[in-house]
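In: sequence and predicted model, in that order:
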2 protein chains.
Amino acid sequence: MSNLNIYTKKLRESSLRPTRQRLKICEVLFSPDKTFHFTINDLTKILEEKLSEKISLATVYNTVHAFKKKGYLKEISINSDKSYFDTNVTDHHHFFDEDTNELIDCGDKEIDSINIKKNITGKKIKSVEVLIKVATDNQNQN
Amino acid sequence: MSNLNIYTKKLRESSLRPTRQRLKICEVLFSPDKTFHFTINDLTKILEEKLSEKISLATVYNTVHAFKKKGYLKEISINSDKSYFDTNVTDHHHFFDEDTNELIDCGDKEIDSINIKKNITGKKIKSVEVLIKVATDNQNQN
DNA sequence: ATTTACATTAAAATAATTCTAAACTGTTGA
DNA sequence: TCAACAGTTTAGAATTATTTTAATGTAAAT
């Protein structure tokens, strides 16, 4: 299946029509061989660099959120400053480098499985995420 | 030591002068026997209910951030919507109830210790936090 | 080809947070 | 004690991230 068809499929599965703008977004998100992390701002900048025409911020937000809802993107919460997204939607954890504000993957296998002894009555566990903040040294610990 | 003196001490240690407004904030944050979670918005509402005079938002932000910096409060990242703070500054993890948007403590002892096999060269681990999202059932998994 | 429902866009609206500048108040030391 | 200074408070403006709006444009079904 061609990339174009893959993108079209992803869009349709997210209840989105394959428009010129959305296909461009797909190209940026899903064509690299490595998964990566980005903020909406990052994505917008990449799009602007790649394109002659520019895509409205609203479209970027809508598309990213539709993909997130469908599970084609993951949102990572680090601080309230910004939303980080991850094109790697498999189960994994993260390092956050406080010096550079960068996210680094930490595979499921790099942390011993987490055994939770407590449970909340009537509630089901939806996700378990570990965030490891790192910095060079005497940084503020947040 | 009287509560007032405790508050004054905490403020001074955070490089803040003990003013009327700040002492009121201390009273709300540090007098309850149980620790609790709050957003700036929550805190402002509590202050408004308790007080005849009102405290400016800027003062609330400044004071909370100074306490966070000093380590008298902890910030918890759940999503980008809001900043949650915790008056429990000991090492522990959290459940986040997606139905009610409530944070629930999960003691250090309720999760087996986390063994991280990977490390980032030249970086030191500053914190390890586990966030367990829960919901009644077929909720969106975020 | 036409129609219709969904999309795109710029600009306005909203929400959380930070900044500003003027008025005020702890604190220090004469 | 009290003047003088340095730090504080405050309302409101500014900023930033995100969402909404409403007019115009476009994919897809007939």
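Out: Sure, I can see it.
In: need the residues that contact the longest strand seen in chain A.
Out: Looking across chain A with DSSP state E, the single longest strand is strand A:124-135. When contacts are defined by C-beta atoms under 8 Å, 6 or more residues apart in numbering or on different chains, strand A:124-135 is touched by residues A:76-78, A:93-99, A:106, A:111, A:114, A:116, A:119, A:141-142, B:77, B:98, B:114, B:116, B:120, B:123-137, B:139, B:141-142. Where you see a C-beta, it was placed from the backbone N, CA and C, and this is true even at glycine.
In: again, but for stretch A:102-119
Out: With contacts defined as C-beta under 8 Å, 6+ apart, stretch A:102-119 is touched by A:35, A:37, A:76, A:78, A:84, A:86, A:88, A:90-97, A:125, A:128, A:130, A:132, B:95, B:106-107, B:109-112, B:114-118, B:120, B:130, B:132.
In: buried sites along it?
Out: Using 16 or more other C-beta atoms under 10 Å in any protein chain shown as the test for burial, stretch A:102-119 gives A:Leu103, A:Ile104, A:Asp105, A:Cys106, A:Glu110, A:Ile111, A:Ile114.
In: nearest residue to the first one in space, please, no chain neighbours.
Out: With C-beta to C-beta, 6 or more residues apart in numbering or on different chains as the measure, A:His37 is the residue that lies nearest to A:Leu103, at 4.2 Å, once sequence neighbours are left out.
In: for the one you found, what are its contacts?
Out: A:His37 makes contact with A:Ile76, A:Tyr84, A:Phe85, A:Asp86, A:Thr87, A:Glu102, A:Leu103, according to C-beta under 8 Å, 6+ apart.
In: can you rerun that using 7 Å?
Out: A:Tyr84, A:Phe85, A:Asp86, A:Leu103 (C-beta atoms under 7 Å, 6 or more residues apart in numbering or on different chains).
In: if we can go back for a sec, now the longest strand of chain A and strand B:124-135, what's the angle there?
Out: Taking axes from the mean of the first three to the mean of the last three C-alpha atoms, to 10 degrees, strand A:124-135 and strand B:124-135 form an angle of 160 degrees between their directions.
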